[in-house]
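A.B. asks: Would you be able to build a 3D model of this:
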Amino acid sequence: MAVQRGSLPTAGVARSVLGGVALAGFMGVGKSTVGPLVAARLGLRWWDLDHRIEQNAGATISEIFRERGEPEFRRLELEAFRTGLAEGTAVISLGGGALLTPAARGLLADAALCCVVLQASWETISHRLRGSRRPLAHEAKPLFEARRAHYRALGTAVSTDRRTPEEVADAVVMVVQQWV
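C.D. replies: As a prediction, the model looks like this:
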């Protein structure tokens, strides 16, 4: 699907996107890169869940995993998601495992967020994660396989394979326009 940058009619979309847009998907698919572009196209603000967790905890995601463990990280993640949603309509770049729990999926549904799942092939993801210091990057392949069905159930998928961030953002906006 070829979309010209700037050709998408976005007037009024921000007002009609009830709770905003959640970008979900596995690590390395481009959620944090595409999020600000989607927000600009829709006239919404953007925030990144992992950045909020780091700000709130005063530690990096890697430090939280190493020093406090994954259960504490998931608790902090849910808390940051809840408080961020209370700030109003936005485009949100979620962490790769943010919607694994029923509580987080409940927040997503209660906030009336349009959930768009960014996806990529394993080849693309492994290339993007090369040299990564992400806490779960060392076990990325089994996680990728285990979470594939989970992501499919979350929302409309947009592939990031062989696309520029701008092309992906345009595709996400098209999904949002169909959703509203």
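A.B. asks: Now that Leu49 has come up, it's in contact with Leu99, right?
C.D. replies: No - using Cβ atoms under 8 Å, Leu49 is not in contact with Leu99; the gap is 10.2 Å. (Glycine included, C-beta is placed from N, CA and C.)
A.B. asks: These two: which is more packed in?
C.D. replies: Leu99 (26 against 23; other Cβ atoms under 10 Å).
A.B. asks: Determine the three-state secondary structure at the more buried one.
C.D. replies: Under the three-state scheme (DSSP: H, G, I helix; E, B strand; the rest coil), Leu99 adopts coil.
A.B. asks: give the contact list for it.
C.D. replies: 22, 24, 105, 108, 115, 150, 154 (Cβ atoms under 8 Å, 6 or more residues apart in numbering).
A.B. asks: ok, 10 Å please
C.D. replies: By Cβ atoms under 10 Å, 6 or more residues apart in numbering, the contact set of Leu99 is 22, 24-25, 77, 81, 105, 107-108, 115, 117, 147, 150-151, 153-155.
A.B. asks: Looking at the residues you listed, which are in strands?
C.D. replies: 22, 24, 115, 117 (DSSP state E).
A.B. asks: joint contacts of Leu49 and Leu99?
C.D. replies: Common neighbours of Leu49 and Leu99 (Cβ under 10 Å, 6+ apart) are 22, 77, 81.
A.B. asks: Tell me how far the second one lies from Trp46.
C.D. replies: Computed with Cβ to Cβ, to the nearest Å, the distance linking Glu77 and Trp46 is 18 Å.
A.B. asks: Compare neighbour counts for those two and give me the winner.
C.D. replies: Applying other Cβ under 10 Å to Glu77 and Trp46 shows that Glu77 carries more neighbours, namely 27 against 20.
A.B. asks: And the contacts of Leu99, which is closest to Ala57?
C.D. replies: Among these, Glu77 lies closest to Ala57 (Cβ to Cβ), at 10.0 Å.
A.B. asks: contacting residues around that closest one?
C.D. replies: By Cβ under 10 Å, 6+ apart, the neighbours of Glu77 are 49-50, 52-53, 56-57, 61, 64, 70, 94-95, 97-101, 104.
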